[in-house]
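Chemist: Fold the following and give me the result.
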Amino acid sequence: MTDRLSSRKNILEPQAVNTIVEEAESLKEAVSGSLKGRIPNELKHLFKETSLFFQEEVLAQWRSQERYDELVDYIIYQYEEHGGEQFWKQILLDLRLKKGEGSAFRMLEGLLPARLDRVKVCSKNLEKYPENYLSAASLGIAKGEALKVLYEYAYILENKPADQIDKAKVKKVKTQIEKVLTA
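Modeler: Residues are numbered from 1 along each chain as shown. As a prediction, this is how the structure comes out:
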């Protein structure tokens, strides 16, 4: 896992991450310009470097513009190992409704490997330190993160007419669910 995490730092950010930063900065400048630089005190915190407000607004715009490929790239990069559940589930629902099954699978398959790796690492830590409650808690959290992705994957695979269900993929996902549950 450590190798995977350290190698992730060497992976270039997808273009979507750079684009969102650029578009958020552009939006911030446009809003500031329309206010002629006279930003009310109540809103000054939105214009600080650490504010994510404009990035969140750009993500909402991308969603309404159905820029799903960029959203999927962003989600995989930002939430590869954990987190972002509320956001990626919203995008997943959009993809299901728009019949974007390929993009949905790409997102879930992008989120899954690091989460499964994390379950393995946490399981080994618990075996090594069984008296450590933090190890047990970390394993529980890791299992939950992986299972959320796997259950969504299984739902998409199984929620179709019987003649369109890919039984091999369903079996593979169910096997992965069992492995996570017994880790």
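Chemist: packing partners for the biggest helix by length in the chain?
Modeler: When the chain is parsed with DSSP state H, its longest helix is helix 101-128. Helices and strands touching helix 101-128, as assessed by 3 or more CB pairs under 8 Å, 6 or more residues apart in numbering; DSSP states H and E, comprise helix 2-10, helix 68-78, helix 85-97, helix 133-158, helix 167-182. C-beta coordinates here come from the backbone N, C-alpha and C atoms, glycine included.
Chemist: Flag the shaky bits of the chain, pLDDT-wise.
Modeler: 1-12, 50 (pLDDT under 70).
Chemist: ok, 50 please
Modeler: By pLDDT under 50, the low-scoring segments of the chain are 1-10.
Chemist: re the thing from before, save the helices and strands packed on helix 101-128 as JSON lines, and put in mean neighbour count too.
Modeler: Listed next are these as JSON lines, based on neighbours: other CB atoms under 10 Å:
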{"stretch": "helix 2-10", "mean neighbour count": "9"}
{"stretch": "helix 68-78", "mean neighbour count": "20"}
{"stretch": "helix 85-97", "mean neighbour count": "16"}
{"stretch": "helix 133-158", "mean neighbour count": "18"}
{"stretch": "helix 167-182", "mean neighbour count": "14"}
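Chemist: What residues of the host helix or strand of Glu29 count as buried?
Modeler: Using DSSP states H and E, the element containing Glu29 is helix 15-34. Across helix 15-34, burial judged by 16 or more other CB atoms under 10 Å covers 16-17, 19-20, 23-24, 27-28, 31.
Chemist: Wait, Ala142 touches Asp117, no?
Modeler: No: look at Ala142 against Asp117 with CB atoms under 8 Å: they stay out of range, at 9.2 Å.
Chemist: list residues touching both of these two?
Modeler: Here Ala142 and Asp117 have no joint contacts, going by CB atoms under 8 Å, 6 or more residues apart in numbering.
Chemist: which parts of the longest helix of the chain are buried?
Modeler: By 16+ other CB under 10 Å, the buried positions in helix 101-128 come out as 103-108, 110-112, 114-123, 125-126.
Chemist: contacting residues for Ile177?
Modeler: Contacts for Ile177 (CB under 8 Å, 6+ apart) come out as 147, 150-151, 154.
Chemist: measure it to Glu80 for me?
Modeler: Going from Ile177 to Glu80 by CB to CB, to the nearest Å gives 20 Å.
Chemist: Which of the buried residues of helix 15-34 sits closest to Tyr74?
Modeler: Closest approach to Tyr74 among the buried residues of helix 15-34 (CB to CB): Ala16, at 4.4 Å.
Chemist: residues in contact with that closest one?
Modeler: Contact partners of Ala16, counting by CB under 8 Å, 6+ apart, are 69-71, 73-74, 77.
Chemist: could I get those residues as a markdown table with distance to Gln61?
Modeler: Listed next are the contacts of Ala16 as a markdown table, based on distance: CB to CB, whole Å:
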| residue | distance to Gln61 |
| --- | --- |
| Asp69 | 15 |
| Glu70 | 11 |
| Leu71 | 11 |
| Asp73 | 16 |
| Tyr74 | 13 |
| Tyr77 | 19 |
